[in-house]
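Participant: Kindly return the folded structure for what I paste below:
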Amino acid sequence: MMQQSNSLGRIGLLFFVFCSIALASVCEANEKPPAWPTFVDQFIAGYFEQQPTFAAEAGRHEYDGRLPDWSPQGLRNTERWLEAQRMLALAYPDQALTPEQRFERDYLLATVTKELFWRQVVRRPYKSPQFYAGALDPNLYISRPYAPPAERMRAFIVYASNVPQAAAQIRANLELPLPRTYIDIGKTVFGGLAKFYEAEAKGAFAEVADPTLQREFADKVGPAAQALRELADWLEQQRPTATDAFALGPEKFSRMLADTEAVELPLPKLEQMGRADLQRNLHALKQACRRFAPQATTAACVAQAEAHKPPAGPVAAAGEQLKQLKAFVAERQLLTIPSDDEANVAPSPPYARWNLAYIDIPGPYEHGLPSVYYVAPPDPAWSAAEQAAYLPGQANLLFVSAHEVWPGHFLQFLHAHRAGSKFGQLFGSYAFSEGWAHYAEELMWEAGLNDGDPETHIGQLVNALLRDVRFLAAIGLHTQGWSLEQAEQMFREQAFRDPGNARQQAARGTFDPAYLNYTLGKLLIRQLRDDWCAQRGRRAAWRQFHDAFLSYGSPPIPLVAKAMLAGRD
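Facilitator: Residues are numbered from 1 along each chain as shown. Predicted structure coming up:
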């Protein structure tokens with residue numbers, strides 16, 4: 001096993017330190033804490049009040065249209081609420097809970113610790129425009145058919161009416177000067193949203209035949225778009241004073257892993273893991289290239305594979321790939337497919353095009369709604385050559401599709417939505433979800449996808465190398481003083497990314513330091529698979545392992561490892 005137990009000890013220490021305080025508070029108030037299931041229900045209800053967009057995304061549409069309170073008092077109230085919930089959860093000792101409840105308590109505590117880290121230690125509400133991006137995403141009302149268009153239009157109007165106040169709060173919260181890359185991502189998100197309101201949103205509701213709703217829409221969408229356009233303009237005005245001061249520093253970076261993923265590893269050990277995986281994949285790439293393009297350099301070989309673009313474009317190609325991938329998962333019995341649900345494919349909306357691909361999956365309170373796998377077109381501001389290079393090759397896209405849908409995020413969420421714990425259905429770990437999706441790519445190759453075809457292997461490996469370089473770039477950018485140019489160079493030279501993609505990936509590392517979780521999560525899962533399957537038939541036990549692993553929801557992987565290796569599965 002990798003060194004994971006220290007972080008669990010940290011949670012245990014927190015338990016003993018705070019438990020007596022929490023119990024004393026309960027005793028002073030002469031109150032008996034509610035039964036654990038009641039407390040979890042109360043936590044979820046309270047969290048929905050604090051984060052109404054999270055609730056709406058989960059399928060609780062009584063929260064439609066609401067945005068979080070991002071005023072200074074609202075941000076403080078959320079932090080205090082999280083601190084209070086941590087104290088209350090710590091008041092439940094092991095002996096009062098079943099094994100499943102103890103696991104759920106630790107899962108809840110890890111979730112609260114993660115949120116408090118980003119809010120209090122890194123201070124993301126005051127430092128990063130990206131903090132606000134997810135809650136401002138209105139795609140729920142546009143693309144998810146959870147209700148008739150007129151009803152979703154009413155929800156969107158309420159949402160739009162709240163945007164000007166939210167934009168003012170964001171502007172007041174952000175502390176100047178900002179890093180240049182933060183200005184860039186803020187402009188992409190806020191400017192893209194303004195365009196989205198006036199184009200896609202307007203078009204989505206054009207057929208609603210209620211003139212009153214159409215007037216209300218026009219009345220609210222214009223000011224909302226203008227507020228975000230002005231916010232984007234304000235960010236651009238800060239460019240002359242922008243900095244490169246984005247690094248967390250070694251101490252906060254290490255704490256990020258402990259507080260958000262329950263993983264404590266010395267930075268040298270962490271870097272060693274990443275470099276070893278990079279070298280493993282570079283060696284495999286050289287071997288694959290000897291078969292695919294024996295006379296070419298490795299870079300030329302990758303370029304040749306990447307030049308094999310999907311003839312009908314990435315969206316149409318992805319749709320066909322999903323059929324192939326699902327059939328392969330079922331045929332090889334890699335894990336259970338628990339339903340007949342499918343994922344649709346569509347181009348990404350403009351405000352979300354800073355990432356090549358992602359999937360929108362309806363929450364656990366929704367039923368019978370489609371998931372949508374979005375693929376981003378290149379930035380139109382790039383040169384024609386950069387735009388052409390940005391589009392992934394056929395084999396590359398195949399493993400993006402595996403990552404997002406079969407057997408990656410989509411299949412993982414089909415399992416998570418069936419977790420025995422409602423908490424497990426709702427809350428997730430970055431390293432678990434992205435680690436699983438990245439693990440799923442290599443799993444498909446290991447299981448024999450396309451029968452050892454070298455071009456297919458190159459597609460898998462360029463995705464693996466991208467995540468390896470993210471891993472090392474995150475460490476370099478945030479703990480070793482790397483410049484953006486150093487990270488960009490590594491993406492070009494060792495992940496074989498085109499200039500536009502390399503620039504985009506390096507910039508992402510500045511405002512998403514946890515994007516090392518793709519490779520970190522994959523490595524933790526592979527180690528757990530080896531340990532768990534060692535006494536169960538090794539490869540013959542993979543399906544059983546996958547089903548057991550995914551049954552927990554999406555908690556920090558060390559919590560799952562502790563439970564699985566203790567014999568719960």
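Participant: Tell me where the model's unsure across the stretch 201-350 of the chain.
Facilitator: Residue ranges of the stretch 201-350 of the chain with pLDDT under 70: 350.
Participant: What ranges does it have for its helices?
Facilitator: Counting by DSSP state H, counting those that start in this stretch, the stretch 201-350 of the chain has these helices, from start to end: 202-204, 211-237, 250-261, 267-292, 298-306, 314-332.
Participant: and what of the stretch 51-200 of the chain?
Facilitator: 52-58, 72-90, 99-116, 124-127, 133-136, 139-143, 149-173, 180-196.
Participant: before we move on, back to that, out of the helices of the stretch 201-350 of the chain, which comes closest to residue 496?
Facilitator: Closest to residue 496 of the helices of the stretch 201-350 of the chain is helix 298-306 (C-beta to C-beta; 4.2 Å). Placement of C-beta: from N, CA and C, glycine included.
Participant: Off-centre distance for that closest one?
Facilitator: Centre-to-centre, helix 298-306 and its host chain are 29 Å apart (C-alpha atoms, centre = their mean, to the nearest Å).
Participant: packing partners for it?
Facilitator: Using 3 or more C-beta pairs under 8 Å, 6 or more residues apart in numbering; DSSP states H and E, the elements in contact with helix 298-306 are helix 267-292, helix 394-404, helix 454-479.
Participant: Export those helices to a markdown table and append columns for distance to residue 179 and mean neighbour count.
Facilitator: Formatted as a markdown table, the helices and strands packed on helix 298-306 follow (distance: least, C-beta to C-beta, whole Å; neighbours: other C-beta atoms under 10 Å):
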| stretch | distance to residue 179 | mean neighbour count |
| --- | --- | --- |
| helix 267-292 | 22 | 17 |
| helix 394-404 | 28 | 25 |
| helix 454-479 | 11 | 25 |
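Participant: These into JSON lines, with extra columns for distance to residue 168?
Facilitator: Below are those laid out as JSON lines (distance: least, C-beta to C-beta, whole Å):
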{"stretch": "helix 267-292", "distance to residue 168": "40"}
{"stretch": "helix 394-404", "distance to residue 168": "35"}
{"stretch": "helix 454-479", "distance to residue 168": "31"}
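Participant: hey, least reliable of the helices of the stretch 51-200 of the chain by pLDDT?
Facilitator: When those are compared by mean pLDDT, helix 139-143 comes last with a mean of 90.
Participant: Please identify the buried residues of it?
Facilitator: Of the residues in helix 139-143, 139-143 count as buried by neighbour count, 16 or more other C-beta atoms under 10 Å.
Participant: got the contact list for residue 79?
Facilitator: Residues in contact with residue 79 (C-beta atoms under 8 Å, 6 or more residues apart in numbering) are 116, 119-120.
Participant: Only the C-alpha atoms, please, for stretch 473-489, written as CSV.
Facilitator: Extracted in CSV, the C-alpha atoms of stretch 473-489 (Å, rounded to 0.1, in the frame of the first residue of the first chain):
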residue,chain,number,x,y,z
ALA,A,473,3.3,20.6,-13.5
ALA,A,474,1.1,21.1,-10.4
ILE,A,475,4.0,20.3,-8.2
GLY,A,476,6.4,22.5,-10.2
LEU,A,477,4.1,25.5,-10.5
HIS,A,478,3.0,25.4,-6.8
THR,A,479,6.1,24.2,-4.9
GLN,A,480,9.2,24.6,-7.1
GLY,A,481,8.8,28.1,-8.6
TRP,A,482,8.1,27.0,-12.2
SER,A,483,7.0,29.6,-14.6
LEU,A,484,4.0,29.2,-16.9
GLU,A,485,6.4,28.8,-19.8
GLN,A,486,8.2,25.9,-18.1
ALA,A,487,4.9,24.0,-17.6
GLU,A,488,3.8,24.8,-21.2
GLN,A,489,7.2,23.5,-22.5
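Participant: Contacts for that stretch, please.
Facilitator: Contact with stretch 473-489 is made by 181, 244, 246-250, 252-253, 267, 270-271, 274, 490-491, 502-503, 505-507, 509-510, 513-516, as judged by C-beta under 8 Å, 6+ apart.
Participant: from these, which would you call buried?
Facilitator: Buried among the contacts of stretch 473-489 by 16+ other C-beta under 10 Å: 181, 246-248, 252-253, 270-271, 274, 490-491, 502-503, 505-507, 509-510, 513-516.
Participant: could I get the buried residues of helix 139-143 as CSV with distance to residue 344?
Facilitator: Listed next are those as CSV, based on distance: C-beta to C-beta, whole Å:
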residue, distance to residue 344
139, 13
140, 15
141, 17
142, 14
143, 9
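Participant: pLDDT wise, what is the residue nearest to the spatial centre of the chain at?
Facilitator: The residue lying closest to the centre of the chain (C-alpha atoms, centre = their mean) is residue 430, at 5.6 Å. Looking at residue 430, its pLDDT is 98.
Participant: got the contact list for it?
Facilitator: Residues near residue 430 by C-beta under 8 Å, 6+ apart: 260-261, 514, 517, 521.
Participant: again, but for residue 324
Facilitator: Applying C-beta under 8 Å, 6+ apart, we find residue 324 in contact with residue 398.
Participant: What's the separation between it and residue 409?
Facilitator: 17 Å (C-beta to C-beta, to the nearest Å).
Participant: May I have the phi/psi pair for residue 297?
Facilitator: Backbone torsions of residue 297, given as degrees, to the nearest 10, read phi -70, psi 170.
Participant: mind checking how far it is from residue 496?
Facilitator: The value you get for residue 297 to residue 496, if C-beta to C-beta is used, is 11 Å.
Participant: Which of those two has more residues huddled nearby?
Facilitator: Neighbours were counted for residue 297 and for residue 496 using other C-beta atoms under 10 Å; residue 496 has more, 24 against 11.
Participant: measure the residue nearest to that one when sequence neighbours are not counted to residue 427 for me?
Facilitator: Residue nearest to residue 496 in three dimensions, not counting chain neighbours: residue 302, with 4.2 Å by C-beta to C-beta, 6 or more residues apart in numbering. Separation of residue 302 from residue 427 (C-beta to C-beta) stands at 38 Å.
Participant: of those two, who's got more company?
Facilitator: Taking other C-beta under 10 Å, residue 302 and residue 427 do not tie; residue 302 has more neighbours (26 against 23).
Participant: check contacts around the more buried one.
Facilitator: Residues counted as contacts of residue 302 (C-beta under 8 Å, 6+ apart) are 285, 289, 458, 462, 496.
Participant: Let me know the closest of these to residue 100.
Facilitator: Of those, the one sitting nearest to residue 100 (C-beta to C-beta) turns out to be residue 462, at 40.8 Å.
Participant: At which residues are the strands of the stretch 301-450 of the chain located?
Facilitator: Ranges of strands within the stretch 301-450 of the chain are 343-347, 357-360, 371-375, based on DSSP state E, counting those that start in this stretch.
Participant: deepest of those strands, which one?
Facilitator: The highest mean neighbour count among the strands of the stretch 301-450 of the chain, using mean count of other C-beta atoms under 10 Å, belongs to strand 371-375: a mean of 23.
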